[in-house]
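Trainee: Got a predicted structure here, sequence first:
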Amino acid sequence: MAQITVRKLNDDVLEILKARAKANKRSTEAEIRELLETSAREPNLERRSLLSLAGSAPSNRTVEEIVADIRALRDEWEDRE
């Protein structure tokens, strides 16, 4: 198994991670591992949506249409917060 070191992590972030770990009855290391694994395996909705816009084939859409689609997705994402 690989190992990593995270430098310059904000103290507040570490405290949040410790609190999450405690709430989930895990060690801080196990909590961070779970977060990394989940994040790596399941891209977030915004990323998936933007990737679906990109596609791999040429598009006949104008730049304005693409920008409008991206803005609409951004607005949807912000409404969920």
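Mentor: Everything's here; your move.

Trainee: so where's the longest helix in the chain?
Mentor: Ranked by residue count, the top helix of the chain under DSSP state H comes out as helix 63-80.

Trainee: Give me the helices and strands touching it, please.
Mentor: When contacts are defined as 3 or more CB pairs under 8 Å, 6 or more residues apart in numbering; DSSP states H and E, helix 63-80 packs onto helix 45-54. C-beta here means a position set from N, CA and C on the backbone, and glycine is covered the same way.

Trainee: sorry, back to before: list the buried residues for the longest helix of the chain?
Mentor: Leu73 (16 or more other CB atoms under 10 Å).

Trainee: Please save the CA atoms from it in CSV.
Mentor: Output of helix 63-80 as CSV, limited to C-alpha atoms (Å, rounded to 0.1, in the frame of the first residue of the first chain):
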residue,chain,number,x,y,z
VAL,A,63,-19.1,29.2,-28.0
GLU,A,64,-22.1,31.1,-26.7
GLU,A,65,-24.2,28.0,-26.5
ILE,A,66,-21.4,26.1,-24.6
VAL,A,67,-21.0,29.0,-22.2
ALA,A,68,-24.7,29.2,-21.6
ASP,A,69,-24.8,25.5,-20.8
ILE,A,70,-21.9,25.8,-18.4
ARG,A,71,-23.5,28.7,-16.6
ALA,A,72,-26.8,26.8,-16.3
LEU,A,73,-25.0,23.9,-14.7
ARG,A,74,-23.1,26.2,-12.4
ASP,A,75,-26.4,27.8,-11.3
GLU,A,76,-28.0,24.4,-10.7
TRP,A,77,-25.0,23.4,-8.6
GLU,A,78,-25.1,26.6,-6.6
ASP,A,79,-28.8,26.2,-5.9
ARG,A,80,-28.0,22.8,-4.2
